[in-house]
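# Coordinates for the following, if possible.
(one chain, ligands or ions: 1)
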Amino acid sequence: MGSTKDKNAQLASNMVEPNQNTRITTDFGTKQNSTDDWLRVNNGDQIGPGLLEDGFAREKIHRFDHERIPERAVHARGTGAFGTFKLLESAEDVTHAGILTDTSRETPLFLRFSTVLGSRGSADTVRDVRGFAVKFYTEEGNWDIVGNNIPVFFIQDAIKFPDIIHAGKPEPHNEVPQAQSAHNNFWDFIFMHSEATHMAMWAMSDRAIPRSYRMMQGFGVNTFTLINAKGERHFVKFHFTPELGVHSLVWDEALKLAGQDPDFHRKDLIEAIDNGVFPKWKFGIQTIPESNEHDFDFDILDATKVWPEDLIPVRYIGEIELNRNVDEFFTQTEQVAFCTGHIVPGIGFSDDPLLQGRNFSYFDTQLSRLGVNWQELPINKPVCPVMNFNRDGAMRHTISKGKVNYWPNRFEAQPPATEEEGAYIDYPQKVQGIKERAKSVKFKDHISQAQLFYNSLSEVEKSHVQAALCFELDHCDEPVVYERMSQRLADIDLTLAQTVANMVGGPVPQQLGRANHCRTSKGLSQLEFIDEKPRIDSRRVAIIIADGFDAFEFNAVYEALKILKATPIVIGTRRSPIFAADQNPSTDKGIVPDHHLEGQRSTMFDAIFIPGGEESIKTLSNNGRALHYVREAFGHLKAIGATGEAVHLLEKAIQLPGVMLSTANDTEAVESYGVVTLKNAHPESLKEIVTVAKSAKGFLERFVYVMSQHRCWQRELDGLSTMV
Ligand code: HDE
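The predicted structure follows:
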């Protein structure tokens, strides 16, 4: 047992699917003949009273009344998918875990992404940490990495978890705000806990507004251990790095999407998997031999610290891929239950004080969320045999036969396993010390790595952190909160503190709270993760048309985008057929757009393209929504492409002297600030697009390249993005 096929077969054994041959029954199997009318006593035309006797009706209503289970206390909003893990290089030097040593295996997995603070119905694109929880169904049992997209955490000790979560969730007196950290309690907590400063910087960075779940890193955050066949132990941190690069939304876009499409991230994941563009992550480990535990100026068991990659490089040994959407949300994504305590032989815990508490919490929370037999639910069930003397409890499914339910027993039935049989052997760790409520001295440095993170960001990223703090503290209306927090920022960076204090009305600090060590580290700025080779797989491109559009330009770009695995989506002035310049509405079918301009806004796309056509551009130039589309995409730093007459539309919409557009004499494409235009888009100049997906006098090549860079930061650096 253990392959993806086995897990799928196991899941399938619990599935039913309505079809034309199935019939509605009660929960107990009796076929029903009507589920539309409650059994009642009528009198001719006069409707009469309903009968309590109607067990069918009562069952239907009573099942509905009990449909809801408690949502997760944190990470309530999420979405998941199935996939596989492949090991590319054995890590047998550090572990004897089968999943990390046997390169012939393919291990099935389920991955659930989530936001932390919002309730189940909240929006996907809020500023928040994202959960990245992976359940590997290994041959030796389930192994869960319950991680986040940020490598550190707010607190060092699990006992503080209820405090940070209470402080971040809606305030108790009025249940405001929903899914936001922008309020007094949260920032009061952050100030009162300087250990949270590092994570707060990450949460204010673009990491907290990802473009897609598929474009985020995942981190195990806590320090675990690996044990090899020789019995040697290494400390380890787990990493997942996305193939598509690490990309974010811009804040204005995230805010708008929260209203325009609250399911944006959910739909993005489903769409990519449905289109066969399977998201992939490299799986990596950072390891430190046990004997080197104390070699660093931070405690390697402190979850508020990263292990800087210059000191401890990430060794990529495997790959995960998501390749199947769920069959049903509730029984799979909602009922999946992760536990940091679920590990397999060859993997162990460390004394990380956050991890130790988590190991208690996850199991406990599943008991109140799902009930005592939650491990029997299909999504949580291991693929290897489960045999023990745990018994009974509500909703027990397994029927354990035989006379014994204890060990040892007179039949010697079901003894514990030996090491050779694959038993989990606890690492014989020597422990000695004073029983006290305290942590080691190295846990006391709370600022160095906050500086390390901030120092490592690019100018653009730094300005986004500043803007995020200005936004968040503006939502705090108690001066003690924003004043003290503005001061704290001076411990990290003076310009940051001054900018924020000035904006939010705090006292402007005149000097650094502590000297800047000026160190930077690899792996912290997300600009390092721009895709190695220009690629636009799954990038959503809006192609905007009105009656009279140029069919050749439209087709050439549409087809080329398809070849390059992008997702072109046609946006028309209406969703009923739109006719090209050379089409006749009474005889031709025209093009049926996927959406109209009001239905899907520019926020939902990575790039826009507008083909020419005299009539079409005349219509669009007089359409406020179309002009706004272009301006908004420009403001959100997206790639914009226009051919032929469409260049006029850009002239009207953007109107910025710094942005050069192609002129009538240009036969080569012009690219300026991520706007790619080709005015003289004679069919000859676009001819090659479809086959070679480049060329077209450079138009498509430039357009694709700009798109592959995710956003045109230069627009923002030169102050153009806020001017349209
Ligand atoms: Fe969690 N966390 N957590 N957490 N966490 C939960 O378990 C908890 C922490 C994370 O998609 C809960 O099943 C404590 C760090 C994810 O189902 C709960 C502490 C990290 C998910 C819980 C932490 C996480 C949870 C609520 C401090 C990143 C969603 C529902 C010691 C490494 C899993 C549930 C899913 C969920 C407790 C801190 C990630 C209450 C006590 C650090 C991704 O048990």
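
# how about the residues of the chain near the ligand?
The chain comes close to the ligand at residues 72-75, 78, 112, 114, 131, 133, 146-148, 153, 158, 161, 221-222, 303, 337-338, 354, 357-358, 361-362, 365, as judged by CB under 6 Å from any ligand atom. The C-beta positions use only the backbone N, C-alpha and C, and glycine is treated the same way.

# Filter the residues you listed down to the buried ones.
Buried members of these, counted by 16 or more other CB atoms under 10 Å: 72, 74-75, 78, 112, 114, 131, 133, 146-148, 153, 158, 161, 221-222, 303, 337-338, 354, 357-358, 361-362, 365.

# In strands, which of these appear?
The strands, defined by DSSP state E, take in 78, 112, 114, 131, 133, 146-148 from these.

# Which pair of the residues you listed spans the longest distance?
The most widely separated members of those, counting by CB to CB, are 78 and 147 (13.1 Å).

# who touches both of the two?
Residues touching both residue 78 and residue 147 (CB atoms under 8 Å, 6 or more residues apart in numbering): residue 131.

# Mind checking what secondary structure residue 324 has?
strand (DSSP: H, G, I helix; E, B strand; the rest coil).

# Count the residues that sit near it.
By the criterion of other CB atoms under 10 Å, residue 324 has 16 neighbours.

# With residue 150 as the reference, measure out to it.
From residue 324 across to residue 150, the span is 27 Å (CB to CB, to the nearest Å).

# Could you do residue 17 as well?
Using CB to CB, residue 17 is found at 39 Å from residue 150.

# neighbour count winner among those two?
residue 150 (25 against 7).

# Not counting sequence-adjacent ones, nearest residue to the residue nearest to the spatial centre of the chain?
In the chain, the C-alpha nearest the mean C-alpha coordinate belongs to residue 213, at 2.8 Å (CA atoms, centre = their mean). Leaving aside its sequence neighbours, residue 213 sits nearest to residue 113 (CB to CB, 6 or more residues apart in numbering; 4.2 Å).

# my read: that neighbour touches residue 130, true?
Yes - when contacts are counted by CB atoms under 8 Å, residue 113 is listed as touching residue 130 (5.9 Å).

# okay, and the common contacts of these two?
Joint contacts of residue 113 and residue 130 (CB under 8 Å, 6+ apart) are 213, 216.

# Give me the neighbour count for residue 562.
13.

# The ligand versus that one, what's the distance?
Distance, residue 562 to the ligand, by CB to the nearest ligand atom, to the nearest Å: 34 Å.

# how about that residue, secondary structure?
Going by three-state DSSP: residue 562 is helix.

# got it, and residue 83?
Going by three-state DSSP: residue 83 is strand.

# Please work out how many residues are found near the nearest residue to it once chain neighbours are set aside.
With sequence-adjacent residues excluded and distances taken as CB to CB, 6+ apart, residue 83 is closest to residue 322, at 3.9 Å. Number of residues near residue 322 (other CB under 10 Å) recorded here: 23.

# Verify the contact between residue 322 and residue 82 for me.
Yes - between residue 322 and residue 82 a contact is recorded at 7.1 Å, counting by CB under 8 Å.

# Now do the shared contacts for these two.
Counting by CB under 8 Å, 6+ apart, the shared contacts of residue 322 and residue 82 are residue 111.

# Fine by me, we can end here.
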